[in-house]
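K.L.:
task: produce atomic coordinates for the following.
(2 chains)
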Amino acid sequence: MAMFIRVDIPEDVQAEEPLRKQLVEVCPVDIFALDGERVVTVEANLDECTLCDLCIEASGSRVKVVKLYE
Amino acid sequence: MSILIDENSTFIIQGITGREAVTMTRELLNYGSKVVGGVTPGRKGRDVHGVPVEDTVRAFTERMEVTGAIVAVPPAFAADAVMEAIEGGIKLIVIVTERIPRKQVAEFIEYAGQEGARIIGPNCLGLISPGKSKMGGIGGAADATQRAFKPGSIGVMSRSGGMTVEISNALSEAGLGISTAASIGGDAIIGSNYAELMPLFEADPETKGIAIYSEPGGPSEAMLAEYMTASKSRLPVVAFMAGRFMDAMPGMRFGHAGTIVEGRADTTAEKIARMEAAGISVAERIEDIPAILKQRIG
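P.N.:
Here you go, the predicted structure:
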């Protein structure tokens, strides 16, 4: 269970194949991974997040990074 | 004016898609630094906060003027990255990476010297000319950087990245401000030590004095003392010497790789004596530095 952040990926993002791949590419700490037709978060890497915002930028702010400690 | 970087400087970041570099890129852009590209082999075509990524350094240097490269790749790849930057024609290289093997550092510093390139670091936070540009992670977020580093007349050099900020913040609060601050790196072998950067500050008319953070270990303070004696520098220098406790506790570890005391000349007492004999004021506390500098500048 991640301690610091939760990442919410909405269904409209899941529907876009290029965006799914892009999320995997942009994250510097490998939080995203492809799982068949979906992009999922890698639980073990969630707390490595540097809050770089690249996933948020790539998805036009549709992916949400929720800080659990605030 | 300033030294090494100003508002027109352009940079690339090697290893831009990595964990630390992604955040550093955003902080540099927010501060106003001109980051024109990033290099990560195999990642050509991507962008990081709008900065285009290429596979090689030459992809940028062959089509635009690039002042410097920030190396933020893992230790195992750092030497190759530095060599690539030098071969790409880059003349200023800030190496953020720590834990690069000493032999490799010695090799790329020698190569840089042959090619007329200057290296800052390794294991450093980089450079800042306040209000103009910064190169590296120094200061962190843009708003914090603007608070700690006000434009002014003091050159800062430090073997500790954090203490570069601490001293600069004290100088900014005292109204003196900074011309350029250089985190020169905490490793045993570094590209540019105090004495090697002094002539640049000497040539900068806006710099009126120098503040230095020094530590036990290594010859940098002795070399600075020799420079000050030989050059009859116009610049008053005030140093803070950390780690005085180590003289009473031989074998105590300090932190940076460069702080290993290998002989009497490396001890704090010896360094303080050498610096004072060369006309360098040694402050008892960091917060005393601005007042001493004001007094010496007159």
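
K.L.:
run a quick neighbour tally on residue B:99.
P.N.:
Using other Cβ atoms under 10 Å in any protein chain shown, residue B:99 has 12 neighbouring residues. All C-beta spots, glycine's among them, are computed from the backbone N, C-alpha and C.

K.L.:
that's a helix at residue B:221, yeah?
P.N.:
Yes - using DSSP: H, G, I helix; E, B strand; the rest coil, the assignment for residue B:221 is a helix.

K.L.:
chain neighbours aside, what residue packs nearest to it?
P.N.:
Leaving out its chain neighbours, the residue that sits closest to residue B:221 by Cβ to Cβ, 6 or more residues apart in numbering or on different chains is residue B:271, at 4.2 Å.

K.L.:
doesn't residue B:216 make contact with that neighbour?
P.N.:
Yes - using Cβ atoms under 8 Å, residue B:271 is in contact with residue B:216, at 7.4 Å.

K.L.:
please identify the helix or strand for the residue nearest to residue B:221.
P.N.:
helix B:268-277 (DSSP states H and E).

K.L.:
helices or strands next to the helix ranked longest in chain A in the packing?
P.N.:
As assigned by DSSP state H, the longest helix anywhere in chain A is helix A:17-26. Packed against helix A:17-26 by the contact rule (3 or more Cβ pairs under 8 Å, 6 or more residues apart in numbering or on different chains; DSSP states H and E) you find helix A:11-14, strand A:32-35, strand A:38-41, helix A:54-58.

K.L.:
what lies in contact with the longest one?
P.N.:
Surrounding helix A:54-58, the residues in contact under the criterion Cβ atoms under 8 Å, 6 or more residues apart in numbering or on different chains are A:7, A:19, A:22-23, A:26-28, A:31-32, A:63-65, B:22, B:48-49.

K.L.:
so for the longest helix of chain A, mean pLDDT?
P.N.:
Mean pLDDT, helix A:17-26: 96.

K.L.:
quick check: residues of chain A near chain B?
P.N.:
A:25, A:26, A:28, A:29, A:48, A:50, A:51, A:52, A:53, A:54, A:57 (Cβ under 8 Å from any Cβ of the partner chain).

K.L.:
from those residues, list just the buried residues.
P.N.:
Buried by 16 or more other Cβ atoms under 10 Å in any protein chain shown: A:26, A:28, A:29, A:48, A:50, A:52, A:53, A:54, out of these.

K.L.:
go through those and name the one nearest residue B:5.
P.N.:
Nearest to residue B:5 out of those is residue A:52 (Cβ to Cβ; 24.0 Å).

K.L.:
so what's that closest one up against?
P.N.:
A:28, B:22, B:23, B:26.

K.L.:
now stretch B:133-142: mean pLDDT?
P.N.:
Summarised as a single mean, pLDDT over stretch B:133-142 is 96.

K.L.:
now do stretch B:6-23
P.N.:
95.

K.L.:
ok, which residues in chain B are in contact with chain A?
P.N.:
B:17, B:18, B:19, B:20, B:21, B:22, B:23, B:26, B:43, B:46, B:48, B:49.

K.L.:
how about the contacts made by residue 7?
P.N.:
Looking at chain A here, since you left the chain open. Residue A:7 is in contact with A:31, A:41, A:46, A:49, A:55, A:63, A:64, A:65, A:66, counting by Cβ under 8 Å, 6+ apart.

K.L.:
wait, chain B
P.N.:
B:32, B:132, B:133.

K.L.:
which strand or helix spans it?
P.N.:
Using DSSP H and E, residue B:7 maps to neither a helix nor a strand.

K.L.:
check the gap between it and residue B:133 for me.
P.N.:
Using Cβ to Cβ, to the nearest Å, residue B:7 is found at 6 Å from residue B:133.

K.L.:
over to residue B:186?
P.N.:
Taken as Cβ to Cβ, the span from residue B:186 to residue B:133 is 23 Å.

K.L.:
same check on residue B:123?
P.N.:
Taking Cβ to Cβ, one finds residue B:123 at 21 Å from residue B:133.

K.L.:
check residue B:210 too.
P.N.:
20 Å.

K.L.:
list the contacts of the nearest residue to residue B:119 once chain neighbours are set aside.
P.N.:
Take residue B:119 and drop its neighbours on the chain: the residue closest to it by Cβ to Cβ, 6+ apart is residue B:191, 2.6 Å away. Residue B:191 makes contact with B:93, B:95, B:109, B:112, B:118, B:119, B:120, B:121, B:122, B:185 under the criterion Cβ under 8 Å, 6+ apart.

K.L.:
and residue A:9, by the same measure?
P.N.:
A:23, A:39, A:40, A:41, A:63.

K.L.:
pretty sure the last one contacts residue A:22?
P.N.:
No - look at residue A:63 against residue A:22 with Cβ under 8 Å: they stay out of range, at 10.5 Å.

K.L.:
more neighbours, the two?
P.N.:
Counted by other Cβ under 10 Å, residue A:63 and residue A:22 do not tie: residue A:63 has more neighbours, with 22 against 19.

K.L.:
could you pull up phi and psi at the more buried one?
P.N.:
phi -70, psi 130 (degrees, to the nearest 10).

K.L.:
tell me who's in contact with it.
P.N.:
Here residue A:63 is in contact with A:7, A:8, A:9, A:10, A:13, A:23, A:55, A:56 (Cβ under 8 Å, 6+ apart).
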